[in-house]
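Peer 1: Here you go, sequence then predicted model.
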Amino acid sequence: MIGVTENLRKIRDLLDKAAVDAGRRPEDVHLLAVSKKQPLDKIIEAIAAGQRDFGENTVQEGTEKVTKLAKKELDWHFIGHLQSNKTRIVAEHFDWVHTIDKLKTAKRLSSQRPDSRGDLNVCIQVNIDDESAKSGASRADVINLAQEIATLPRLKLRGLMCLPAIRESFDEQRVPFALLHEYAQILQKQGLDIDTLSMGMTGDYRAAIFEGATIVRIGTAVFGARET
């Protein structure tokens, strides 16, 4: 059975090739290993193979892993929907939050971030396809929301994140990622110092990289099937 170490090697090679094919530098595309419902031994194997960025979808499970692996000098990314009553735990334990879609949530994270932790890196999740069943700020609101979040203390607005509807062809997959990139460029022209596009997963990472993704979120292709 192929292990996590070999999976990581293969995925990194694929991401590097996609970056080169897109005319970009491979070092500008970062792999976020989504460790949701994955056991600690697999995460530890990934760490031994050089992986430092891990993504968790739930507060309780993620916090337990952060605590147990606290001595490993890792960067932990919260990538799930964040409820208001759980912002303090995330503010105290995580290094990144990719899924801010309301100013209220950002303000709570700002006020609850311990000074000892440094600024919390945040991305605004954009509901890029206007899907009623998905979280995310509307496209109409993202510019104003970004301007307001950028003023909050203890937060560092890094960029935008999206989880588009499933599309089959490469060209179709590029469309929502290109749109998110356009919003990022608008924010940069308005003076916001953002550098992150969190977009792309196993099925559409190439399209995301071709449209400027800097963080690609991949889980089961790294770790194998999740625990139930």
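Peer 2: That came through, no problem. Numbering: from 1, shown residues only.

Peer 1: For the rest of this, base every contact and every neighbour count on C-alpha atoms.
Peer 2: Noted.

Peer 1: Could you give the average pLDDT over stretch 202-222?
Peer 2: Across stretch 202-222, pLDDT averages out at 97.

Peer 1: How far off centre is that stretch?
Peer 2: Here stretch 202-222 shows a centroid-to-chain-centroid distance of 10 Å under the convention Cα atoms, centre = their mean, to the nearest Å.

Peer 1: mind listing what T202 touches?
Peer 2: With contacts defined as Cα atoms under 8 Å, 6 or more residues apart in numbering, T202 is in contact with 217-219, 221.

Peer 1: Next, format those residues as JSON lines and append distance to M201, neighbour count and secondary structure.
Peer 2: Formatted as JSON lines, the contacts of T202 follow (distance: Cα to Cα, whole Å; neighbours: other Cα atoms under 10 Å; DSSP: H, G, I helix; E, B strand; the rest coil):
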{"residue": "R217", "distance to M201": "5", "neighbour count": "19", "secondary structure": "strand"}
{"residue": "I218", "distance to M201": "5", "neighbour count": "21", "secondary structure": "strand"}
{"residue": "G219", "distance to M201": "8", "neighbour count": "22", "secondary structure": "coil"}
{"residue": "A221", "distance to M201": "10", "neighbour count": "16", "secondary structure": "helix"}
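
Peer 1: nearest to L8, of these?
Peer 2: Set against L8, the nearest of those by Cα to Cα is A221 (8.3 Å).

Peer 1: residues touching that closest one, list them.
Peer 2: 7, 11, 202.

Peer 1: out of those residues, who's nearest Q173?
Peer 2: Nearest to Q173 among the contacts of A221 is T202, at 12.2 Å by Cα to Cα.

Peer 1: would the closest one count as being in a helix?
Peer 2: No: when DSSP: H, G, I helix; E, B strand; the rest coil is applied, T202 is found to be coil, with no helix at that position.

Peer 1: Ramachandran coordinates for it?
Peer 2: phi -60, psi -40 (degrees, to the nearest 10).

Peer 1: Check E56 too.
Peer 2: Taking degrees, to the nearest 10, you get phi -130, psi 140 for the backbone angles of E56.

Peer 1: What helices and strands are in contact with the helix ranked longest in the chain?
Peer 2: Longest helix in the chain by number of residues (criterion: DSSP state H): helix 170-189. The elements that helix 170-189 packs onto, with contact taken as 3 or more Cα pairs under 8 Å, 6 or more residues apart in numbering; DSSP states H and E, are helix 142-149, strand 155-162, strand 196-198, helix 205-210.

Peer 1: For stretch 97-109, list the C-alpha coordinates in CSV.
Peer 2: Extracted in CSV, the C-alpha atoms of stretch 97-109 (Å, rounded to 0.1, in the frame of the first residue of the first chain):
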residue,chain,number,x,y,z
VAL,A,97,-8.8,31.0,9.0
HIS,A,98,-9.9,30.6,5.3
THR,A,99,-13.7,30.9,5.8
ILE,A,100,-14.6,34.4,7.0
ASP,A,101,-17.8,35.6,5.4
LYS,A,102,-19.2,38.1,7.9
LEU,A,103,-17.7,41.1,9.5
LYS,A,104,-19.2,39.9,12.9
THR,A,105,-17.0,36.8,12.7
ALA,A,106,-13.9,38.8,11.9
LYS,A,107,-14.5,41.2,14.7
ARG,A,108,-14.9,38.4,17.2
LEU,A,109,-11.7,36.8,16.0
